[in-house]
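>>> curious how this folds, go ahead:
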Amino acid sequence: MTILLLLVPISLLLLGAAVAAFAWAVRAGQFDDLDTPALDVLVDETSTQEDHAD
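Coordinates of the predicted model:
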């Protein structure tokens, strides 16, 4: 039962660190554009022989 005296403060510190990391990510703009990275996968950027025919 005395282990709770150690585990509860540690868990509260970890929770505070997670909240601080999330707040930093929101302020840094990490969640501004969620659609474009998913759509970039669908864009075909391979070059063909026709593109480089001189």
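>>> contacts and neighbour counts: CA atoms only from here.
Will do.
>>> so where do the helices sit in this protein?
All helices of the chain, identified by DSSP state H, fall at 4-27, 36-40.
>>> so which of the ones you listed is the most surrounded?
Comparing the helices of the chain by mean neighbour count (mean count of other C-alpha atoms under 10 Å), helix 4-27 comes out on top with a mean of 11.
>>> contact partners of it?
Outside helix 4-27, the residues within contact range by C-alpha atoms under 8 Å, 6 or more residues apart in numbering are residue 31.
>>> what separates that helix from the chain centre, distance-wise?
17 Å (C-alpha atoms, centre = their mean, to the nearest Å).
>>> now swap in stretch 36-48 and tell me
With C-alpha atoms, centre = their mean, you get 20 Å for stretch 36-48.
>>> so for it, mean pLDDT?
Averaging pLDDT along stretch 36-48 yields 76.
>>> against residue 1, how distant is the residue nearest to the spatial centre of the chain?
Centroid-nearest residue in the chain, with C-alpha atoms, centre = their mean: residue 30, separated by 6.6 Å. Noted for residue 30: a distance of 41 Å to residue 1, by C-alpha to C-alpha, to the nearest Å.
>>> circling back: reformat the helices of the chain as CSV; add distance to residue 46.
Compiled in CSV, the helices of the chain are given as follows (distance: least, C-alpha to C-alpha, whole Å):
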stretch, distance to residue 46
helix 4-27, 33
helix 36-40, 13
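>>> rank these by pLDDT, which is bottom?
helix 36-40 (a mean of 79).
>>> pull the residues that contact that helix.
With C-alpha under 8 Å, 6+ apart, helix 36-40 has no contacts at all.
>>> using CSV, write down the CA coordinates of it.
Output of helix 36-40 as CSV, limited to C-alpha atoms (Å, rounded to 0.1, in the frame of the first residue of the first chain):
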residue,chain,number,x,y,z
THR,A,36,-2.7,17.2,-47.2
PRO,A,37,-0.1,14.6,-45.9
ALA,A,38,-2.7,11.9,-46.5
LEU,A,39,-3.3,13.1,-50.0
ASP,A,40,0.4,13.4,-50.9
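>>> make 56 the starting number, not 1.
Yes, from this point I'll number from 56; that puts the last item at helix 91-95.
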